[in-house]
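Student: Whatever this is, show me its structure:
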Amino acid sequence: MPICFWNLCHCPDAQPQPCVEHTGTGCSIVNGTAITNAAQVDDAITREAEVALGNLSGDLQRAEEITRQLEARKTDLERERADFERQANAADSMSERRAVVQQQQAIAQRYARLDGELRAVTAEINALGNSARVSVAPLSAALIIPYSDAAGYCACYSEKVRQLGSIRSQITAELATLAAATAAFNGTRAGIRPIAPFALPGVLVLLLFIVIGAGLGFLLTALVTACLTALAVLTLAATLAAQKSAILQSQVRLYKLWLSYYRIQQIPTCQQAATDGTPH
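Tutor: Take a look at the predicted model:
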């Protein structure tokens with residue numbers, strides 16, 4: 001005799017009479033199948049939710065990749081800035097000072113398009129997770145929280161409510177985590193500002209520096225200030241990507257909880273049968 005999903009009675013029963021324990025029928029039957037594992041609950045909503053989770057996993061990997069790339073870009077720029085300062089301070093001859101100017105120009109050229117690159121990557125970061133939210137919307141709309149069912153009956157129903165209550169507590173906690181992560185992300189995003197092109201000293205200043213070593217302080221200030229500004233924005237962008245990772249991780253946990261809740265929600269409990277064995 002089969003055991004019901006809730007392990008409290010012998011429903012579903014292959015015989016027409018209701019189960020002995022609860023005088024109930026129809027327990028654990030979904031689309032004509034006796035459910036023994038919640039994962040067997042499979043419909044259009046669960047399939048869309050699985051798609052959402054797959055999309056989120058890909059987006060999470062991309063957010064982590066962007067974070068690593070931005071951190072590497074920061075490290076490279078910081079190293080170039082420090083090398084330039086050392087090279088400029090140590091330059092004693094015209095050839096060394098000419099090399100300093102060439103290094104300054106090379107750095108400025110490498111980061112000439114940094115603002116556009118950061119705008120593009122920030123837009124990509126903002127878009128991560130959007131497709132998953134669309135796919136999971138039917139699941140979110142189908143949840144009954146807190147769960148109630150006028151047809152509930154017997155100890156099986158009480159067990160169902162208990163299991164859903166446990167998942168609901170986890171959902172509530174995860175929603176709070178997601179809200180905090182989203183607030184942090186929005187705060188960082190609001191702080192990102194455009195980066196002005198790296199400004200270089202005029203030709204006369206560069207010539208004086210190369211020939212007689214004059215204007216070193218101005219030369220350093222021009223590039224170092226630009227580098228520090230770029231580093232600040234790169235830091236914010238890297239933080240933004242890391243915070244989006246935290247959001248996506250929370251969404252993965254939340255969507256999995258929603259999916260578990262929905263599957264449990266959809267598994268019927270015993271329905272009280274009439275005295276002739278026919279369900280009400």
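Student: where along the stretch 1-150 of the chain do the strands fall?
Tutor: 24-25, 29-30, 33-34 (DSSP state E, counting those that start in this stretch).
Student: Switch those strands over to CSV; also include distance to residue 47, mean neighbour count and mean pLDDT.
Tutor: Every C-beta, even on glycine, is put in place using the N, C-alpha and C of the backbone. Formatted as CSV, these follow (distance: least, Cβ to Cβ, whole Å; neighbours: other Cβ atoms under 10 Å; pLDDT from 0 to 100):
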stretch, distance to residue 47, mean neighbour count, mean pLDDT
strand 24-25, 29, 25, 86
strand 29-30, 15, 16, 90
strand 33-34, 16, 14, 88
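Student: of all those strands, which lies closest to residue 235?
Tutor: Proximity to residue 235 (Cβ to Cβ) singles out strand 29-30 among the strands of the stretch 1-150 of the chain, at 51.4 Å.
Student: Pull up the pairing partners for the closest one, direction included.
Tutor: strand 33-34 (antiparallel) (DSSP bridges).
Student: remind me which residues of the stretch 151-280 of the chain are low pLDDT?
Tutor: For the stretch 151-280 of the chain, applying pLDDT under 70 flags the ranges 197-215, 274-280.
Student: which residues of it fall in helices?
Tutor: 154-191, 203-212, 216-266 (DSSP state H, counting those that start in this stretch).
Student: same for the first one, what does it pack against?
Tutor: What it means is helix 154-191. The contact analysis (3 or more Cβ pairs under 8 Å, 6 or more residues apart in numbering; DSSP states H and E) places helix 154-191 against helix 216-266.
Student: now the helix it packs on and helix 154-191, what's the angle there?
Tutor: Helix 216-266 and helix 154-191 are oriented at 160 degrees to each other (axes from the mean of the first three to the mean of the last three Cα atoms, to 10 degrees).
Student: one step back: adding distance to residue 99 as columns, could you present the strands of the stretch 1-150 of the chain in JSON lines?
Tutor: Below are these laid out as JSON lines (distance: least, Cβ to Cβ, whole Å):
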{"stretch": "strand 24-25", "distance to residue 99": "88"}
{"stretch": "strand 29-30", "distance to residue 99": "75"}
{"stretch": "strand 33-34", "distance to residue 99": "77"}
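Student: Nearest approach to residue 116 belongs to which of those?
Tutor: Between the strands of the stretch 1-150 of the chain, strand 29-30 lies closest to residue 116; by Cβ to Cβ that is 53.0 Å.
Student: Tell me the pLDDT of the residue lying closest to residue 128 once chain neighbours are set aside.
Tutor: Distances taken as Cβ to Cβ, 6 or more residues apart in numbering place residue 59 nearest to residue 128, at 4.2 Å, with adjacent residues excluded. Here the pLDDT value assigned to residue 59 is 97.
Student: pretty sure residue 167 contacts residue 259?
Tutor: No. In this structure, residue 167 is not within contact of residue 259 by Cβ atoms under 8 Å, at 10.0 Å.
Student: Quick one: end-to-end distance for stretch 37-45.
Tutor: Its start and end residues considered, stretch 37-45 measures 17 Å (Cα to Cα, to the nearest Å).
Student: Give the rounded mean pLDDT of it.
Tutor: On average, stretch 37-45 scores 96.
Student: Nearest to the spatial middle of the chain, which residue is it?
Tutor: Nearest to the geometric centre of the chain sits residue 248, at 1.4 Å (Cα atoms, centre = their mean).
Student: quick one, what contacts that residue?
Tutor: Contacts for residue 248 (Cβ atoms under 8 Å, 6 or more residues apart in numbering) come out as 56, 59, 60, 63, 128, 129.
Student: how about a cut-off of 10 Å?
Tutor: Residue 248 sits next to 55-64, 128-129, 132, 178, 181 when contact means Cβ atoms under 10 Å, 6 or more residues apart in numbering.
Student: Contacts only, for the nearest residue to residue 131 once chain neighbours are set aside.
Tutor: The shortest distance from residue 131 to any non-neighbouring residue, by Cβ to Cβ, 6+ apart, is to residue 55 (5.2 Å). Shown in contact with residue 55 (Cβ under 10 Å, 6+ apart): 128, 129, 130, 131, 132, 133, 134, 135, 136, 248.
Student: Quick one: buried ones out of these?
Tutor: 128, 129, 132, 135, 136, 248 (16 or more other Cβ atoms under 10 Å).
Student: Could you report the pLDDT at the fifth one?
Tutor: You'll see residue 136 listed with a pLDDT of 96.
Student: give the contact list for it.
Tutor: Per Cβ under 10 Å, 6+ apart, neighbours of residue 136: 45, 48-53, 55-56, 251, 254-255, 258-259.
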